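Asker: Let me see the structure of the following:
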Amino acid sequence: MSQDVFQSPKALGRFILREALFGSLASEGEGGYPYVSLVGVAAMSSGAPVMLLSNLARHTINVRKDPRVSLLLTERSKAHDPLQAARLTVTGKVTPVEKSEIRARYLVRHPEAAKYVDFADFGFWSIAIEHGHLVATFGKIADLTAEELLGSGGLNWPAN
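Answerer: Residues are numbered from 1 along each chain as shown. You can find the predicted model right below:
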């Protein structure tokens, strides 16, 4: 889908939150340097992104020390140039989520995770979104609040 289908950055941002299957998770790593890893994502019913993380993974060790993260998600695009796809970066804090709240929903999006979802070292983590930054093609860029991404209300594309 193209951003031209959407009437607002809010609608496009919400679409990306719910459509994305994978994202780049940035956490604070050793020595304060950013650490970025690829994670599977699904949306909770609120639209908040949730990830299935192993306690053995470096990103999980990082978020246990400092829960502040950013997550880059992109719209799925058939274009050969990935920069043609709209992308959304959300920032916020991660918190653990009970498996019973999200397990079935996550497995619909990631059926291959059924092999390890119930391992003791895996758990679900959700991002409490504080801010969003949407970059769509043709110079359409917007900062979005958590309410705009998860709540109600309208927001039009800014005039060029």
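
Asker: From here on, just use CA atoms for contacts and neighbour counts.
Answerer: Noted.

Asker: Quick one: the strands in this structure, in order.
Answerer: 22-28, 34-43, 49-54, 68-74, 87-97, 122-135, 141-145 (DSSP state E).

Asker: pLDDT of the first one, averaged?
Answerer: In this model, strand 22-28 carries a mean pLDDT of 98.

Asker: Keeping just the C-alphas, turn that strand into CSV.
Answerer: What follows is strand 22-28 as a C-alpha-only set of coordinates in CSV (Å, rounded to 0.1, in the frame of the first residue of the first chain):
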residue,chain,number,x,y,z
PHE,A,22,9.7,-7.5,11.8
GLY,A,23,11.5,-4.5,13.1
SER,A,24,14.9,-3.2,14.1
LEU,A,25,15.0,-2.8,17.9
ALA,A,26,17.6,-0.4,19.3
SER,A,27,18.5,-0.6,23.0
GLU,A,28,21.4,0.7,25.0
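
Asker: picking up where we left off before, dump the strands of the chain into TSV; add mean neighbour count as well.
Answerer: Below are the strands of the chain laid out as TSV (neighbours: other C-alpha atoms under 10 Å):
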stretch	mean neighbour count
strand 22-28	21
strand 34-43	18
strand 49-54	23
strand 68-74	23
strand 87-97	20
strand 122-135	20
strand 141-145	18
